[in-house]
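Novice: Coordinates for the following, if possible.
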Amino acid sequence: AAAQLPLLATVGGRLDIGAAAQLPLLATVGGYLYIGAAAQMPLLATVGGYLCIRADAQMPLLATVGGRLDISAAAQLPLLATVGGDLYIRAAAQLPLLATVGGGLYIRADAHLPLLVSAHGVAGRLVCVKKYGLWYSTDYKFYAGCQGPMTKRQALALSRRWEDQDTAQYMAKFIVEIDD
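Specialist: Residues are numbered from 1 along each chain as shown. I've put the predicted structure just below:
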């Protein structure tokens, strides 16, 4: 049976969820939140530190993650607007309102991020996603996973070194099409 904490509204520090849990009033986690088992947190709006999603989690009101966000299980975070640190997407993710990622952007799975305007600490746009995310900044630099900033020439050279030729050709097509 799922752990039920019907009155818990705030956790000042770290919260580890290692077994199924229902937290109907939880609105804030001040520090690290680890989700290792199915969790329902319908009112959670803020995680002050690192959020690690390794299992199905329902957080329909989550708007802000102050630190790193690591998504390794399918996630739908319809109101998430800001991630203060790095964003790792390793499983399908729906983030329709995400606008700002303070750190690096690492995409290894299907991701829906239509409003993203800032990542890697610079303004820009997500050019394409296919196994990796390709970010193009307003200062004419490319970022692909942990690689970057790169010039157009450097980004093309990197794409030629990828083992997955289908992904490499797909990314190269977008890199070539961008006028800088």
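Novice: Next, the buried residues of stretch 35-43.
Specialist: Residues of stretch 35-43 classed as buried: 35, 37, 38, 39, 40, 41 (neighbour count, 16 or more other C-beta atoms under 10 Å). (Glycine included, C-beta is placed from N, CA and C.)
Novice: Next up, the contacts around the second one.
Specialist: By C-beta atoms under 8 Å, 6 or more residues apart in numbering, the contact set of residue 37 is 17, 18, 19, 20, 21, 55.
Novice: can you check the third one too?
Specialist: Listed by C-beta under 8 Å, 6+ apart, the contact partners of residue 38 are 2, 20, 21, 55, 56, 57.
Novice: which of those count as buried?
Specialist: Among the contacts of residue 38, those scoring as buried are 21, 55, 57 (criterion: 16+ other C-beta under 10 Å).
Novice: Just put the residues you listed in TSV and tack on distance to residue 64.
Specialist: Converted to TSV, the buried ones among the contacts of residue 38 look like this (distance: C-beta to C-beta, whole Å):
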residue	distance to residue 64
21	21
55	21
57	16
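Novice: Sitting in strands, which of those residues do you find?
Specialist: In strands, judged by DSSP state E, the following of the buried ones among the contacts of residue 38 are found: 21, 57.
Novice: could I get the buried ones among the contacts of residue 38 as JSON lines with pLDDT?
Specialist: As requested, the buried ones among the contacts of residue 38 are exported to JSON lines (pLDDT from 0 to 100):
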{"residue": "21", "pLDDT": "93"}
{"residue": "55", "pLDDT": "95"}
{"residue": "57", "pLDDT": "91"}
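Novice: Out of the buried ones among the contacts of residue 38, which is nearest to residue 85?
Specialist: Of all the buried ones among the contacts of residue 38, residue 85 sits closest to residue 57, with 18.4 Å by C-beta to C-beta.
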